[in-house]
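Enquirer: Using only what follows, build the 3D model:
(chains A and B)
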Amino acid sequence: MATIVAEATGQAILHEEHEQSFLRKYIFSTDHKVIAIQFLIYTLFFLMIGGLLAMLMRYQIAWPARGELPLGGIFPESMVASGYILPEFYNALVTMHGSVMVFLAIMPMLVGVWANYLIPLQLGTHDMAFPRLNMLSFWAMVPAGILTLASFFVVGGAAGAGWTLYAPLSARPDLTGVGLGQILWLVALVFIGLSSILGSVNYITTTINMRAPGMTWMRMPLTIWSLFITAILALLAMPVLSAAGIMLIFDQTIGTSFFLPEGGGQPLLWQHLFWFFGHPEVYILILPAMGFTSEILSVGSRKPVFGYKAMVLALVSIAFLGFIVWGHHMFQSGMNPMLGLTFTVSTLFIAVPSAIKTFNWMGTMWRGNLQLHSAMLFAIGFVAMFAIGGLSGVFMASTPVDIYIHDTYFIVAHIHYVLFGGSLFALFGAIYFWYPKMFGRMMNETMGKIHFWLTFVFFNLVFFPMHGVGMVGMMRRIYDSTGYAHLQGIEDTNAIITWAAFGLFASGFLFAFNFFWSLKKGRKAGANPWNATTLEWQTPSPPKHGNWEEVPVVYHGPHEYSHPDVEDKDWLAQNERPDVVSPAAGSH
Amino acid sequence: MDWALPPNYSTFGVVIDQLFWIILVITGIAFLLVEGGILWFCLKYRGREGAKAHYTHGSNRLEIIWTVIPAIIIAVLGAYSALVWDDIKGSSNRPADALEFLVVGKQFEWNITYPGVDETLGTADDFTVRNQFHFPVNEDITILLESEDVIHSFFIPELRVKQDAVPGMTIPVWFDATQTGNFEIACAELCGLGHYYMMASVTVHSAADFDAWQASQAPAAAQ
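Expert: Numbering: from 1, shown residues only, chains lettered A, B, ... in the order given. Predicted coordinates for the structure are as follows:
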């Protein structure tokens, strides 16, 4: 480890000696902090695109027969004809909303942004182990984004087989009318896989090899634990998706039949491969969010994380169990029902570490001194919403109940409570929390709080009623529900959901405004505006290239707040020498 | 709107609904505990000037309690679900003397092949009707589910039946309707641009009515 640190130091000095060109500093940068900010801008853009697709979809669901789509004229005739969203465009909206949100917004925002930004800073090192791979992991996302956007405008339109890409629908252009659009998305997916794999290798290596002196495994902040475990999941899961994606491209283009029964293939093989990736993916999308939440709750409650070891164990067991539950997406798929039995058991047991985490977050808040700023509100919101998403998951884990609710809006409600109420709430919290470190200025608190309350209220107005719509039996991904006898009477609810969705989307612009406004106008942050203990707060905001003048030495666990032996303040930085502060405060 | 499951008209539906409500009560209690706790903590431990938080790294006893209790509840729920699942889907529980139909999904219709008066599929008096599924009440029904092109999903909400139809596979699905009436088959798996109208009518007849209906169809289909 010593040699690596020395090398990195040498590199940092080298960088300071000759001023870098604009291109090397901001565009093709190898600085982990710049790469993180590039990822942040990229993912916020795609978050908006994904949201926009959802708005179009919601308009159609609420008013399927109305036409009159506002600004409908700006779309080509192949998407919107005389104010009506066409069914094939609706399928593309459904597919690409999910695909964009999962692969181009939430996942790279959780990992690309925060693993890059936080791992070197919280571990006390100068940069990633492989800075050039790191740069490549961002630049691999650029063609993915371009291909995705382009796919909307090719003949046949964007992919329309659902984000799960179930074959044969995804493999046979003659059955969907979508040919090139589907292939473009699959190629984009291969680039995304490449980006994710390169990033993961980097995060894992950096975490194992480049921790500052004294930064033992059990002194790592929970963000690092969660990002480290996420990287392992991504490294094991993404290659499966990439391989499956390439097989699907072959089925489409060169006449193989991996997933086509006419040529001896198996449609269910696609589902096994997809969900073998897809379920670990669900945890890739939630574990980092859990890490941010633990961190923000601890700082905001002025208390150590309750049950740190249990939190680490829960992360590890969720990751392990995450690999043996994929079949619970396939209870009604036609796989052997006996397999359903085993997958029910493993799936239900994943509820246990989730419960442990929830109770420990509450334990962290218990008898705290809660600072209810925007970041903290979003972290608390995460716990409250994740709990609902976790509990609604019990319904579908129970196979007999899943028979009825599978492929209904109940599932849509569930996944959004986890992915939006969970991941995205934690991401908003993380942005409010680490923005001052990134840019040296605070985000505006008043706007932040308004943003939280609007998001919280509209989010629940959108997704809670979907449980009800699902109970009534509304199927997912239908262009028009009004033709079904059992779906009469849900029109008003669908309209309310759509209005609330518009409000939710609009409140995102308040966040965007705050984000860009605060770059120039925000209050100067100083090194440590939250009085936080972890290493990233013990260097200037924003940190210089190389992060540290001198590599910090770690003496304490990550969350030493309100230690009774520390008298003049309620926190003890990880690198504060115990003999300077208090002899008793050192051991944890 | 009624946030409720539609009325149930099948034998399996009773226990599925029962399990749904059991889970709703259990998760409802957990929901109230967690959300109530969060709200209470937010109000009670709101930051005050000069206040100092309680310093603790956790409690092993609490960790054990909140690991074991959910694990026990989950284990019981899992065991019960597994039993019910096996009852409904286990191949050993497939009714032996059920009336069999062949249901083939294709973009965007359901084709139902009837066994005819001899009540056996694969004989000369079989006939196929598009988008109309008739069968008798209070009798074990087995459908052999197939697909011609892509994956569809056979869904009759009121009978609590759902099963994907996969090209290249023949999947048996069985159920027993407890009341006569008119329902719909919906397709629950995205299957292309006509997915939303891939619908067929379901008519559950009394035994006598079903025989009469089948007799009225057979000659027409035979021509």
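Enquirer: When you work out contacts or count neighbours from here on, use the C-alpha atoms and nothing else.
Expert: Noted.
Enquirer: any low-confidence regions in chain B?
Expert: Counting by pLDDT under 70, chain B has low-confidence residues at B:1-2, B:218-223.
Enquirer: Domain-wise, how is it divided?
Expert: B:11-91, B:99-222 (automatic domain parsing).
Enquirer: among these, which is the most enclosed?
Expert: domain B:99-222 (a mean of 20; mean count of other CA atoms under 10 Å in any protein chain shown).
Enquirer: roughly how far out does it sit from the chain middle?
Expert: 15 Å (CA atoms, centre = their mean, to the nearest Å).
Enquirer: And stretch B:62-82, by the same measure?
Expert: 25 Å.
Enquirer: same check, this time on stretch A:471-491
Expert: 30 Å.
Enquirer: Stretch B:25-40 now?
Expert: Going by CA atoms, centre = their mean, where stretch B:25-40 is centred and where its chain is centred differ by 28 Å.
Enquirer: which secondary structure element contains the residue lying farthest from the centre of chain B?
Expert: In chain B, residue B:50 marks the outermost C-alpha relative to the chain mean, sitting 57.2 Å out by CA atoms, centre = their mean. Counting by DSSP states H and E, no helix or strand carries residue B:50.
Enquirer: Tell me where chain B has helices.
Expert: Ranges of helices within chain B are B:11-44, B:60-89, B:207-222, based on DSSP state H.
Enquirer: Ok, the stretch 351-500 of chain A next?
Expert: Assigned by DSSP state H, counting those that start in this stretch, the stretch 351-500 of chain A shows helices spanning A:351-365, A:374-397, A:399-405, A:409-418, A:425-439, A:445-472, A:491-521.
Enquirer: want to throw those into JSON lines with mean neighbour count and distance to chain B?
Expert: Below are the helices of the stretch 351-500 of chain A laid out as JSON lines (neighbours: other CA atoms under 10 Å in any protein chain shown; distance: least, CA to the nearest CA, whole Å):
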{"stretch": "helix A:351-365", "mean neighbour count": "24", "distance to chain B": "6"}
{"stretch": "helix A:374-397", "mean neighbour count": "25", "distance to chain B": "6"}
{"stretch": "helix A:399-405", "mean neighbour count": "26", "distance to chain B": "5"}
{"stretch": "helix A:409-418", "mean neighbour count": "24", "distance to chain B": "11"}
{"stretch": "helix A:425-439", "mean neighbour count": "24", "distance to chain B": "16"}
{"stretch": "helix A:445-472", "mean neighbour count": "20", "distance to chain B": "5"}
{"stretch": "helix A:491-521", "mean neighbour count": "18", "distance to chain B": "7"}
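Enquirer: now the helices of chain B in a markdown table, with distance to residue B:133?
Expert: What follows is the helices of chain B, written out as a markdown table (distance: least, CA to CA, whole Å):
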| stretch | distance to residue B:133 |
| --- | --- |
| helix B:11-44 | 19 |
| helix B:60-89 | 21 |
| helix B:207-222 | 11 |
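Enquirer: Nearest to residue A:77 among the ones you listed would be which one?
Expert: Residue A:77 lies closest, by CA to CA, to one member of the helices of chain B: helix B:207-222, at 42.6 Å.
Enquirer: Any chance of JSON lines for the helices of chain B, columns distance to chain A?
Expert: Listed next are the helices of chain B as JSON lines, based on distance: least, CA to the nearest CA, whole Å:
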{"stretch": "helix B:11-44", "distance to chain A": "6"}
{"stretch": "helix B:60-89", "distance to chain A": "5"}
{"stretch": "helix B:207-222", "distance to chain A": "23"}
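Enquirer: To residue A:320, which of these lies closest?
Expert: Within the helices of chain B, the stretch nearest residue A:320 is helix B:60-89; the backing value is 16.9 Å (CA to CA).
Enquirer: residue contacts, residue A:56?
Expert: For residue A:56, the contact set (CA atoms under 8 Å, 6 or more residues apart in numbering or on different chains) comprises residue A:93.
Enquirer: three-state assignment of it?
Expert: helix (DSSP: H, G, I helix; E, B strand; the rest coil).
Enquirer: ok, now how distant is it from chain B?
Expert: Using CA to the nearest CA, to the nearest Å, residue A:56 is found at 17 Å from chain B.
Enquirer: any idea of the pLDDT on that residue?
Expert: Residue A:56 carries a pLDDT value of 97.
Enquirer: what's the spacing between it and residue A:179?
Expert: Going from residue A:56 to residue A:179 by CA to CA, to the nearest Å gives 23 Å.
Enquirer: ditto for residue B:65
Expert: 55 Å.
Enquirer: and what of residue B:172?
Expert: 33 Å.
Enquirer: and what of residue A:436?
Expert: Residue A:436 is 46 Å from residue A:179, by CA to CA.
Enquirer: same deal with residue A:61?
Expert: For residue A:61, the distance to residue A:179 - CA to CA - is 26 Å.
Enquirer: same check, this time on residue A:288
Expert: 35 Å.
Enquirer: the more surrounded of these two?
Expert: residue A:288 (31 against 24; other CA atoms under 10 Å in any protein chain shown).
Enquirer: Quick check, the more buried one in contact with residue A:112.
Expert: No - taking CA atoms under 8 Å as the definition, residue A:288 is not a contact partner of residue A:112, at 10.9 Å.
Enquirer: tell me the contacts of residue A:196?
Expert: A:137, A:234-235, A:238.
Enquirer: Pull up the per-residue confidence for it.
Expert: 97.
Enquirer: Quick check: it is in a helix.
Expert: Yes - assessed by three-state DSSP, residue A:196 belongs to a helix.
Enquirer: Going by residue numbers, what spans are strands in chain A?
Expert: Here chain A has its strands, by DSSP state E, at A:80-81, A:84-85.
Enquirer: right, so these: which one is the most enclosed?
Expert: The most buried stretch of the strands of chain A, if neighbours are counted by mean count of other CA under 10 Å, is strand A:84-85, with a mean of 22.
Enquirer: strands paired with it, and their directions?
Expert: Next to strand A:84-85 in the sheet, as set by DSSP bridges, lie strand A:80-81 (antiparallel).
Enquirer: The strand it pairs with: how far from the chain's middle?
Expert: 33 Å.
Enquirer: now do stretch A:546-561
Expert: 27 Å.
Enquirer: Using PDB, list the CA coordinates for that stretch.
Expert: Coordinates of each C-alpha in stretch A:546-561 appear next as PDB, following Å, rounded to 0.1, in the frame of the first residue of the first chain:
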ATOM      1  CA  GLY A 546      -4.800  15.200  -5.700                       C
ATOM      2  CA  ASN A 547      -7.200  15.900  -2.800                       C
ATOM      3  CA  TRP A 548      -4.700  16.200   0.000                       C
ATOM      4  CA  GLU A 549      -1.600  18.200   0.800                       C
ATOM      5  CA  GLU A 550      -0.600  15.400   3.000                       C
ATOM      6  CA  VAL A 551      -2.300  11.900   3.200                       C
ATOM      7  CA  PRO A 552      -4.500  11.800   6.300                       C
ATOM      8  CA  VAL A 553      -3.900   9.200   9.000                       C
ATOM      9  CA  VAL A 554      -7.100   7.700  10.400                       C
ATOM     10  CA  TYR A 555      -7.500   7.100  14.200                       C
ATOM     11  CA  HIS A 556     -11.300   6.700  14.600                       C
ATOM     12  CA  GLY A 557     -14.400   5.000  13.200                       C
ATOM     13  CA  PRO A 558     -16.400   7.000  10.700                       C
ATOM     14  CA  HIS A 559     -19.200   8.400  12.800                       C
ATOM     15  CA  GLU A 560     -18.000   9.700  16.100                       C
ATOM     16  CA  TYR A 561     -20.700  12.200  16.900                       C
END
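Enquirer: now check that stretch, is it near chain B?
Expert: Yes - on the criterion CA under 8 Å from any CA of the partner chain, stretch A:546-561 is in touch with chain B at residue A:561.
Enquirer: Check stretch A:217-226 too.
Expert: No - applying CA under 8 Å from any CA, one finds stretch A:217-226 separated from chain B by no less than 13.1 Å.
Enquirer: Need the per-residue pLDDT for residue A:22.
Expert: Confidence score, pLDDT, at residue A:22: 81.
Enquirer: got the contact list for it?
Expert: Contacts of residue A:22 by CA under 8 Å, 6+ apart: none found.
Enquirer: Right, I'll leave it there.
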